[in-house]
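Engineer: Could you work out the structure for the sequence below:
(2 chains)
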Amino acid sequence: GDSVTQMEGPVTLSEEAFLTINCTYTATGYPSLFWYVQYPGEGLQLLLKATKADDKGSNKGFEATYRKETTSFHLEKGSVQVSDSAVYFCALPGMDSSYKLIFGSGTRLLVRP
Amino acid sequence: DAGITQSPRYKITETGRQVTLMCHQTWSHSYMFWYRQDLGHGLRLIYYSAAADITDKGEVPDGYVVSRSKTENFPLTLESATRSQTSVYFCASTWDRTSYEQYFGPGTRLTVT
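Structural biologist: Sure, this is the predicted structure:
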């Protein structure tokens, strides 16, 4: 079935460092792809999305490009801040009647001052 | 408060007890979901609802019961709690399930002893 694989965390970076969080997927066809973020003590919130191959989603300085050739949707940010410390989830639609999201296991990011 | 809220935020209960987790949203979203978050598994769908009085099972429904008598509320009941149900539970809602842009509550951390 469809699935999402994310890199293991935690990822620890210094402020202003470059961030990459890897995400690969297995799916039938070319579904939309999502990154959700969970800040400490809060629920998940949508960070960005891409709806078709070669699309680039972006928000708050984060970017991810939908690459069908490598079935990947890696999350990047050029200069992280302490406030970016959170858990990041890659997700794709579960193509059934529930309209659920299928999530990766999450990657915790810790940014040190 | 506007948005989606969950209560309690933390709960400790004993094996065999019944416990109900509450979810309330103020947007009048038709679609609501219950997920559980376990280490290494990401989030998995327990139950979902397309409207008041319409509910259906997700991936991991065993041991759980839901109801939805009002659009804004979607309580999740563990009929006889087991240790394997120790988890973080997230409620989510959306007005457009085909967008897969879901809005999540802050979660309930449940420990079954």
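Engineer: Can you verify my assumption that residue A:2 contacts residue A:26?
Structural biologist: Yes: with contact taken as Cβ atoms under 8 Å, residue A:2 and residue A:26 are classed as touching, separated by 6.1 Å. In this view, the C-beta of every residue, glycine as well, is placed from N, C-alpha and C.
Engineer: which bits of chain B sit near chain A?
Structural biologist: B:4, B:31, B:33, B:35, B:39-43, B:45, B:48, B:56, B:58-59, B:90, B:92, B:97-98, B:100-107 (Cβ under 8 Å from any Cβ of the partner chain).
Engineer: Buried members of those into ChimeraX, please.
Structural biologist: Buried residues within the residues of chain B next to chain A, by 16 or more other Cβ atoms under 10 Å in any protein chain shown, are selected in ChimeraX with:
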select /B:4,31,33,35,42,43,45,48,58,90,92,97,100,101,102,103,104,105,106,107
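Engineer: ok, so what distance separates residue A:39 from chain B?
Structural biologist: Taken as Cβ to the nearest Cβ, to the nearest Å, the spacing of residue A:39 relative to chain B amounts to 10 Å.
Engineer: go on, residue A:104?
Structural biologist: Distance, residue A:104 to chain B, by Cβ to the nearest Cβ: 5 Å.
Engineer: Just give the number of residues close to that residue.
Structural biologist: Taking other Cβ atoms under 10 Å in any protein chain shown as the criterion, the count of residues near residue A:104 is 26.
Engineer: and what of the one 4 residues further on?
Structural biologist: Other residues lying near residue A:108 total 15 when counted by other Cβ under 10 Å.
Engineer: Residue B:89 now?
Structural biologist: By other Cβ under 10 Å, the residues close to residue B:89 number 23.
Engineer: my read: it touches residue B:20, true?
Structural biologist: No: under the criterion of Cβ under 8 Å, residue B:89 makes no contact with residue B:20, lying 11.1 Å away.
Engineer: between the two, what contacts are shared?
Structural biologist: residue B:76 (Cβ atoms under 8 Å, 6 or more residues apart in numbering or on different chains).
Engineer: Which positions within stretch B:74-86 qualify as buried?
Structural biologist: Applying a neighbour-count criterion of 16+ other Cβ under 10 Å, the buried positions in stretch B:74-86 are B:74-76, B:78, B:81, B:85-86.
Engineer: about what we covered before: when residue A:2 and residue A:26 are compared, which one has more neighbours?
Structural biologist: Residue environment comparison for residue A:2 versus residue A:26 gives the larger neighbour count to residue A:2, 15 against 12, counting by other Cβ under 10 Å.
Engineer: Could you pick out the residues of chain A near chain B for me?
Structural biologist: A:4, A:32, A:34, A:36, A:41-46, A:49, A:89, A:91, A:93-94, A:97-106.
Engineer: and if we set it to 10 Å?
Structural biologist: For chain A, the residues in contact with chain B (Cβ under 10 Å from any Cβ of the partner chain) are A:3-4, A:6, A:8, A:31-34, A:36, A:38, A:41-46, A:49, A:51, A:87, A:89-94, A:96-106.
Engineer: Touching, residue B:106 and residue B:92? I think so.
Structural biologist: No: with contacts defined as Cβ atoms under 10 Å, residue B:106 does not count as touching residue B:92, sitting 11.3 Å away.
Engineer: Spell out which residues are contacts of both of these two.
Structural biologist: Contact with both residue B:106 and residue B:92 is made by residues A:43-44, B:4, according to Cβ atoms under 10 Å, 6 or more residues apart in numbering or on different chains.
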